[in-house]
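**Q** just need the structure, nothing else, for what follows:
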Amino acid sequence: MRALHIITGLGVGGAEQQLRLLLRHLAAECDVVALTNPGPVAAGLAADGVRVIHLGMGGNRDLGALPRLTRLIRAGRYDLVHTHLYRACLYGRIAARLAGVGAVVATEHSIGVDRLEGRPLTAGVRALYLAGERLGRATVAVSPTVAARLRRWGVPGQRIRVIPNGIDAPRFRFDEARRTRARAFFGLPQDAYVVGGVGRLAPGKRFGLLVRALAELPGDVRLLLVGGGPEEAALRRTARALGVADRVVLTGERPYPPVPCDDAPDLAALLSAMDVLASPSAQESFGLAVVEALAAGLPVLYTSCPAVEDLPPGAAPGARRVTGGAAAYARELLRLRTAGPGERTVPDIIHRYDIACTARQLMDLYTAALSGSTLEVSSHDRQSR
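**A** So this is what the prediction gives:
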């Protein structure tokens, strides 16, 4: 089976990292098209042996990209097209149909209550989304929460398949040597209590809340933020204004290894360097960083995380939901620091999010899409309704 994955860009983000990891496990011959911004993940995919094509799209209204993409699909003789992220789903579905490919699936990575990939969910955005969705054969929701949001939007339930994001759990297992090296690399004292945050430095992630919480915590507490984005300068200004700039470390973007020409600690090492992960984002579609932190045996504080909230009660005892602002996070972080380090216990439920299982479910969906048969609804999907 030859499959083409079309994604808006390949900068460091949850959807982009997930695509790279997924392609290591899919039993199909896959190429990737980035409409714009090849980014660091493109280099990682190339290092994995994946062919990456940059379409050179100039913006959302660059209609000239559509015939270029159509010709590329037709020339590649792909059996199936899989689209990721809003712009790629819209252009990719149209191009695939124009190229004569009927087996088109999409993954919905980032739909919130009132935002889609950071943009407000206006009536126009919704109408365009639904018009494009009808051109595909199925839409993958990364959590039952996302499936419910899609149904509320008007996507027919029989076209939705819940296939959760996956992780390579053994990669994130706690390692004392990696912890020591990662702390030394970023100048973190070995005896400090390190609060971590992982994700794009964008307003929706609310990492400024963690900087404000840090100002209410003892001086031995440090904040380690892993990611890059437009909020970096604002976070640094807030830290300086609150007098905690020397206790905040911003690592920049950290793609999954292997990363060509990069000897800095990877994400797994940075999770080992943390004592707790905090995820204050109020709207998430899955919560990949939380799952990775649980795989590292970390306690987790979160505001929104469907990957945890969709589990049976008590399935992730190390994860605790926090409502409220900086003061609420400061109280919970102080409680954990006072309690001292616990065992780095990985919950059994982590196997539910094994990337190999995700890949197998996706291959089943590909087979159904190619045959044109009615999609079989799994027990997981039925439970999400």
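**Q** just the pLDDT at Glu108, thanks.
**A** At Glu108, the pLDDT value in this model is 89.
**Q** oh, and call the first residue 9 from now on, that's how I've got it
**A** Let's use 9 as the start, then, which means that last one is Glu116.
**Q** surely it touches Trp161?
**A** No - in this structure, Glu116 is not within contact of Trp161 by C-beta atoms under 8 Å, at 9.9 Å. For the C-beta atoms, the positions are set from N, CA and C on the backbone; glycine is no exception.
**Q** of the two, who's got more company?
**A** Glu116 (28 against 15; other C-beta atoms under 10 Å).
**Q** relative to Ala301, how far out is the more buried one?
**A** Distance from Glu116 to Ala301, counting by C-beta to C-beta, to the nearest Å: 23 Å.
**Q** lowest-confidence helix or strand of the protein?
**A** helix 387-391 (a mean of 43; mean pLDDT, DSSP states H and E).
**Q** domain ranges for this protein, per the record?
**A** 10-174+362-391, 177-359 (automatic domain parsing).
**Q** go through these and find the least confident stretch.
**A** Of all the domains of the chain, domain 10-174+362-391 has the smallest average pLDDT, which comes to a mean of 89.
**Q** mind telling me what element Ala190 is part of?
**A** According to DSSP states H and E, Ala190 maps onto helix 184-193.
**Q** run the chain-centre distance for stretch 358-369.
**A** 15 Å (C-alpha atoms, centre = their mean, to the nearest Å).
**Q** over to stretch 157-164?
**A** The answer for stretch 157-164 is 21 Å, by C-alpha atoms, centre = their mean.
**Q** list of residues touching that stretch?
**A** 116, 119-121, 134, 137-138, 141, 147, 149, 165, 168, 393 (C-beta atoms under 8 Å, 6 or more residues apart in numbering).
**Q** skipping adjacent residues, who's closest to Thr91 in space?
**A** Nearest non-adjacent residue to Thr91, counting by C-beta to C-beta, 6 or more residues apart in numbering: Gly100, 3.8 Å away.
**Q** against which helices or strands is the helix or strand harbouring that neighbour packed?
**A** Assessed by DSSP H and E, Gly100 sits inside helix 94-106. Applying 3 or more C-beta pairs under 8 Å, 6 or more residues apart in numbering; DSSP states H and E, one finds that helix 94-106 contacts strand 10-15, helix 73-84, strand 88-92, strand 112-116, helix 131-141.
**Q** any idea how far Thr44 is from Ala192?
**A** For Ala192 relative to Thr44 (C-beta to C-beta), the value is 37 Å.
**Q** comparing these two, which residue is more hemmed in?
**A** Looking at Ala192 and Thr44 with other C-beta under 10 Å, you find the greater number of neighbours at Thr44, namely 21 against 13.
**Q** contacting residues for that one?
**A** Thr44 neighbours (C-beta under 8 Å, 6+ apart): Thr16, Gly17, His62, Leu63, Gly64, Met65, Gly66, Gly67.
**Q** related to what we said a few turns ago, just the buried residues of the contacts of stretch 157-164.
**A** Among the contacts of stretch 157-164, those classed as buried by 16 or more other C-beta atoms under 10 Å are Glu116, Ile119, Gly120, Tyr137, Glu141, Thr147, Ala149, Ile168.
**Q** in which helix or strand does Val299 reside?
**A** Using DSSP H and E, Val299 falls in helix 296-303.
**Q** what sits up against that helix?
**A** 22, 25-26, 173, 175, 177, 180-181, 204, 206-207, 275, 279, 282, 285, 287, 308, 310, 313, 315-316, 324, 326-327, 354-355, 358, 361.
**Q** that one: what's the following helix or strand?
**A** Following helix 296-303 in sequence, per DSSP H and E, is strand 308-310.
**Q** ok, that next one: who's next to it in the sheet?
**A** Take DSSP bridges as the rule and strand 308-310 pairs in its sheet with strand 284-287 (parallel), strand 327-329 (parallel).
**Q** most tightly packed of the ones you listed?
**A** Comparing the strands paired with strand 308-310 by mean neighbour count (mean count of other C-beta atoms under 10 Å), strand 284-287 comes out on top with a mean of 26.
**Q** buried ones in stretch 310-325?
**A** Quick answer for stretch 310-325 (16+ other C-beta under 10 Å): Tyr310, Thr311, Ser312, Cys313, Pro314, Ala315, Val316, Glu317, Asp318, Leu319, Ala324.
**Q** quick one: which two of the contacts of Thr44 are the most distant?
**A** His62 and Gly67 (14.7 Å; C-beta to C-beta).
**Q** more crowded one of those two?
**A** Shown here are His62 and Gly67; by other C-beta under 10 Å, His62 has more neighbours (16 against 9).
**Q** so who does that one touch?
**A** Val41, Ala42, Thr44, Pro46, Ala50.
**Q** can you do 7 Å?
**A** Neighbouring residues of His62 by C-beta atoms under 7 Å, 6 or more residues apart in numbering: Ala42, Pro46.
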